[in-house]
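Engineer: Pasting the sequence and the predicted model now:
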Amino acid sequence: MKLWLTCMECHKELGNSPLACYPTDVVEDSLYEFTCLKGHQNKFRLQGIKYQFLFESAFGALIEGYYLEAVLGFTSSLERFYEFYSKFVCYKAGLNNYEFMKAWKQVSNQSERQFGAFLFLYAIEQKASFEESKFKIQDQKAFRNKVIHKGYLPSEAETVDYGQNIFDMIKVVSVEIAQKDHEYYHRFSGGELAPHLEVDRDDPTVIPTGMGSILGMTYEPSRLLEKDFRNEYEERKAKLLEIKKKALLEEHIKAIRNNTKPSTQA
Ligand SMILES: [Zn+2]
């Protein structure tokens, strides 16, 4: 996945122009440094919750037609969501970050253990057991294992189904906790959104920048429930197709112009 970032100086001159945008490789610590073609230095810290970022990356892969990569990304996103949820409940119960990380380390290498932790923490938080069948968790697991361990090549329809199930599950469960304890949720997710805030405070050259995400939550959590995975997918795919068509057309016109010599007849 490439991330398109805007050079701040070029943006002052050109406004919202694609000429001010540069593709950068995605990095784990979210710190992006690049020099634009005009030599301006840029340093951005991308703010985003890990599971949302992974979901966005998988969604991008799906739109571009990379189904295998999309399945891997959706799976990682779901596991990071289990971690997010577990941390949320543990912090609320008074566990500190050091103890949480120590506990999580013991389940972090096995997805089944992470899912087990989530099931019980969900039951404690919601005072009800999690309904696996509602989100087809067992079907999802069988499909994921076929892709990851047996080299099965997923089709577009299968990948969209898989992404939709994970999207629906994360959407419903995250809105549940956000609506139940609004203030605490936003304090907690704010910390997850910008874990480098303290480090960056000493460096005024680092510019914090937000990341749009299909799973992102505003101050009105119920707005997320209105989002539909398939609609978003169709819309973004159509938009990408439009951009590609336009670029092809521009290339075509350029080629015609270059090959058309002015008439020399007097
Ligand atoms: Zn620049």
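Structural biologist: Everything's here; your move.
Engineer: make it CA atoms for all contacts and neighbour counts henceforth
Structural biologist: Noted.
Engineer: Starting from the ion, give me the distance back to Gln164.
Structural biologist: From Gln164 across to the ion, the span is 39 Å (C-alpha to the ion, to the nearest Å).
Engineer: export stretch 182-201 as PDB, just CAs?
Structural biologist: This file holds the C-alpha atoms of stretch 182-201, laid out as PDB (Å, rounded to 0.1, in the frame of the first residue of the first chain):
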ATOM      1  CA  HIS A 182     -19.100   7.700  25.400                       C
ATOM      2  CA  GLU A 183     -16.500   9.800  27.300                       C
ATOM      3  CA  TYR A 184     -14.300   6.900  28.300                       C
ATOM      4  CA  TYR A 185     -14.400   5.500  24.800                       C
ATOM      5  CA  HIS A 186     -13.200   8.800  23.200                       C
ATOM      6  CA  ARG A 187     -10.500   9.200  25.800                       C
ATOM      7  CA  PHE A 188      -9.300   5.700  25.300                       C
ATOM      8  CA  SER A 189      -9.500   5.700  21.400                       C
ATOM      9  CA  GLY A 190      -7.800   9.200  21.400                       C
ATOM     10  CA  GLY A 191      -4.700   7.500  23.100                       C
ATOM     11  CA  GLU A 192      -4.800   4.700  20.500                       C
ATOM     12  CA  LEU A 193      -5.100   7.100  17.700                       C
ATOM     13  CA  ALA A 194      -2.000   9.100  18.600                       C
ATOM     14  CA  PRO A 195       0.400   7.000  20.700                       C
ATOM     15  CA  HIS A 196       3.400   9.100  19.700                       C
ATOM     16  CA  LEU A 197       1.900  12.400  21.000                       C
ATOM     17  CA  GLU A 198       4.400  12.700  23.900                       C
ATOM     18  CA  VAL A 199       7.500  12.000  21.700                       C
ATOM     19  CA  ASP A 200       6.300  14.400  19.000                       C
ATOM     20  CA  ARG A 201       5.700  17.200  21.500                       C
END
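Engineer: Can you point out the buried residues in that stretch?
Structural biologist: Tyr185, His186, Ser189, Glu192, Leu193, Ala194, His196 (16 or more other C-alpha atoms under 10 Å).
Engineer: I'd like the list of these that fall within strands, please.
Structural biologist: Judged by DSSP state E, the subset of the buried residues of stretch 182-201 located in strands is empty.
Engineer: In TSV, list those along with pLDDT.
Structural biologist: Listed next are these as TSV, based on pLDDT from 0 to 100:
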residue	pLDDT
Tyr185	90
His186	89
Ser189	88
Glu192	85
Leu193	80
Ala194	78
His196	79
